[in-house]
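Novice: Fold the following.
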Amino acid sequence: MRGSMKARLVLLALLAVLAASLAAGCGGGADDGGDAAMLAPPQAPVFIDFVVKPEGEMKANIDALAQSIAGVDDLGGLIASELEDSAAEGGESFDFEKEVEPWLGKRAGLFLREYDGEDFNGFGVAIETTDEGAAADFVDKVSAGEDEPARRGSYEGVDFRVATDDGTTFGVFDGFVALAETEAIFKAMVDASGGESLGGEAAYSDAVANLPADSAADVFVDVGGLIDESGGEIDGETQLFLDSVGIEPADATAVASLVPGSDHLEIDFSTNLSGDKPPSGDASQLLGELPADSIAALASAEFGDRFSEGIDRIDAEGVPGEIPPHQLKKALKQAGVDLDSIAGSVGDAGVFVQGSSETKLEGALVLEAEDAKQAKNTVSNLGFFLRQSGTPGVRPVRGSELTGFIVNSPDLDRPVLVAAKGERIAISYGTLAAAAGLSGDATLGETPGYKEAVAALGETPVAAFVAGPAALKLASTLIPPEDAAGFREAKPYLGKIDYLAGGSEASGGLATGKVIVGLRR
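Specialist: Below you'll find the model as predicted:
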């Protein structure tokens, strides 16, 4: 079907510009032009901005990543070639280098609309062009000669065409090639360019005000808008959690930016979906002192303070249908557990996982107390509470440096050990993990991958770390048979990952952070 092929060729060609150019670059770029967000309708819940002609260091980094991950020297050329071959199979001729590259601008944007809780219904793409005439000629060429020619139209002085088979609508105006899923969405893009748009909204402009200058792509999400479009309802348990940490999602937004490096990918993020007091502090010292053979580990600064704030909120609100307001802490205190005292004695917290298979998997939560006496008393009070409540399988454990208790249960494959040593408390699944978490021997901070991650994060304190090879080895033993084929296909690429690391900071009600994906050399 020639008409169907022509319409889809337009769609594929314009969208492929994004992937092909971002992947490997296509020569010299243009100066910064218009903002594609000015063509996105107001309150679009998701907007993605791309650099489609990377230059200089960004281009060199993208080329290096393509070679490292896929062994491809020219990924953009490969994608363009595949597109041309696909068009040729349908009896069409298409030359990306001659027919797209000359008019291609530096940036492009894509917005999604009407989220129903599962899927988006409707999209629009705006690709910057340095030559509207050449871009229009390209659109005319791929639309000409169809068995069922695209329907022509005009709206507010903007000419457009509507593909007969699927309604895809496209045109060139205001320095952009615009493509929309439907004619109505295309007209909404025209309206946005001359009036109210996502780019003109304060929520959007505030969210993207401090994007990294070297990002290759930025994703904006209107969290509150997504909730409204999906029905505006949050289940009771989720709402209780949000209330406990002081989060109001109605006005929340989030932005993620992709920054390519020569041997790693960096994802920067920022959000105001972080509660009254966004997580802050630096727990990197505790994280670096967790066991060197941890598959994954994370640490949280001032955990006790946040635990106390969360408990206070839940206590004030109660648990609907189970615990009346202001009764949670009272009931536990009568049972011998003073949550305020426990929270007040805890500082930073860290969690780690060890093991190369499901049968060897262990992990522990490590808490820092103000001093050794508080650590020991906290563990003793927890053990007393469990014994008084009739919890079976609880027995004390004492050593020259370690005190606590162990819980054996037929419902668990391994015992749970709660122990204190010095100023630290470990709550572990498996006894070996507790010993490793409290020993201070052979730490993460001494491993090469962790050191590289800390360096890549720069001034952002590291708060989470995953060892790539160890995680892949464990995942290989956990993948169910029905997913094995897909995992085998992905494994060569996953094997390129040396580590994942992340960290976050907070300022003025805004949480910011980075995630680094380090690649093996």
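Novice: Please save the CA atoms from the helix or strand hosting V172 in CSV.
Specialist: Per DSSP states H and E: V172 is located in strand 169-173. Output in CSV follows, covering the C-alpha atoms of strand 169-173 (Å, rounded to 0.1, in the frame of the first residue of the first chain):
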residue,chain,number,x,y,z
THR,A,169,-0.8,15.3,10.7
PHE,A,170,2.4,17.3,9.8
GLY,A,171,3.5,20.7,8.7
VAL,A,172,6.2,23.3,8.9
PHE,A,173,5.9,26.6,10.9
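Novice: contacts for that strand?
Specialist: Strand 169-173 is contacted from outside by 10, 14, 129, 132, 135-136, 139, 158-163, 177-183, 185-186, 190, 193, using C-beta atoms under 8 Å, 6 or more residues apart in numbering. For the C-beta atoms, the positions are set from N, CA and C on the backbone; glycine is no exception.
Novice: Just the buried subset of the residues you listed, written out for ChimeraX, thanks.
Specialist: Buried subset of these, written as a ChimeraX selection, criterion 16 or more other C-beta atoms under 10 Å:
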select :10,14,129,135,136,139,158,160,161,162,163,177,178,179,180,181,182,183,185,186,190,193
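Novice: In helices only, show me the contacts of strand 169-173.
Specialist: 10, 14, 132, 135-136, 139, 183, 185-186, 190, 193 (DSSP state H).
Novice: and V353, how many neighbours?
Specialist: As a burial measure, V353 scores 20 neighbours (other C-beta atoms under 10 Å).
Novice: Assumed it was part of a strand.
Specialist: Yes - assessed by DSSP: H, G, I helix; E, B strand; the rest coil, V353 belongs to a strand.
Novice: pLDDT value on it, please?
Specialist: V353 carries a pLDDT value of 96.
Novice: is it in a bridge, and if so with what?
Specialist: Note on V353: beta-bridge partners A296, G363, judged by DSSP bridges.
Novice: quick one: contacts for it?
Specialist: Contacts of V353 (C-beta under 8 Å, 6+ apart): 294-297, 361-363.
Novice: May I see the residues you listed organised as TSV, with distance to L478 added?
Specialist: Shown next, in TSV, are these (distance: C-beta to C-beta, whole Å):
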residue	distance to L478
S294	17
I295	11
A296	13
A297	18
L361	9
E362	15
G363	14
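Novice: Lowest pLDDT pick from these?
Specialist: Among the contacts of V353, L361 has the lowest pLDDT, at 91.
Novice: Verify the contact between it and F352 for me.
Specialist: No - between L361 and F352 there is no contact under C-beta atoms under 8 Å: 11.6 Å.
Novice: Tell me which of the two has more neighbours.
Specialist: In terms of neighbours (other C-beta under 10 Å), F352 is the more surrounded of L361 and F352; the figures are 25 against 19.
Novice: E489: what secondary structure?
Specialist: Taken by three-state DSSP, the conformation at E489 corresponds to helix.
Novice: about what we covered before: farthest-apart pair in the contacts of V353, please.
Specialist: The largest separation in these, counting by C-beta to C-beta, is between A297 and L361 at 14.1 Å.
Novice: SS state for L386?
Specialist: L386 - assigned by three-state DSSP - is helix.
Novice: Test my guess that it contacts R395.
Specialist: No - between L386 and R395 there is no contact under C-beta under 8 Å: 10.5 Å.
Novice: Would you mind listing the residues touching both of the two?
Specialist: Common neighbours of L386 and R395 are listed as F405 (criterion: C-beta under 8 Å, 6+ apart).
Novice: now the helix or strand where L265 lies: how far from the chain's centre is it?
Specialist: Assigned by DSSP H and E, L265 belongs to strand 264-271. Centroid displacement of strand 264-271 relative to its chain, using C-alpha atoms, centre = their mean, to the nearest Å, is 8 Å.
Novice: go on, stretch 332-341?
Specialist: The chain centre lies 38 Å from the centre of stretch 332-341; the measure is C-alpha atoms, centre = their mean.
Novice: how long is it end to end?
Specialist: 12 Å (C-alpha to C-alpha, to the nearest Å).
Novice: isn't G318 right next to K330, touching?
Specialist: No - using C-beta under 8 Å, G318 is not in contact with K330; the gap is 11.3 Å.
Novice: For these two, work out which one has more neighbours and name it.
Specialist: G318 (15 against 12).
Novice: and that one, what does it touch?
Specialist: Applying C-beta under 8 Å, 6+ apart, the residues near G318 are 324-328.
Novice: Check the gap between it and P392 for me.
Specialist: From G318 over to P392 the distance is 29 Å, taken as C-beta to C-beta, to the nearest Å.
Novice: Next one, pLDDT for the residue nearest to I311 when sequence neighbours are not counted please.
Specialist: Nearest residue to I311, sequence neighbours excluded (C-beta to C-beta, 6 or more residues apart in numbering): L339, at 5.3 Å. On the pLDDT scale, L339 is placed at 72.
Novice: And for P260?
Specialist: 92.
Novice: Could you do A375 as well?
Specialist: Note on A375: pLDDT of 88.
Novice: how deep is it tucked in, by neighbour count?
Specialist: Counted with other C-beta under 10 Å, the neighbours of A375 add up to 25.
Novice: Could you confirm it falls within a helix?
Specialist: Yes - using three-state DSSP, the secondary structure at A375 is a helix.
Novice: Quick check: it vs L494, distance?
Specialist: 39 Å.
Novice: what sits opposite the closest residue to V158 other than its chain neighbours in the beta ladder?
Specialist: Distances taken as C-beta to C-beta, 6+ apart put F173 closest to V158, at 4.5 Å, once the chain neighbours are dropped. Under DSSP bridges, the beta-bridge partners of F173 are F176.
Novice: Same question for A369.
Specialist: Beta-bridge pairing of A369 under DSSP bridges involves V346.
Novice: Need the pLDDT of it.
Specialist: 88.
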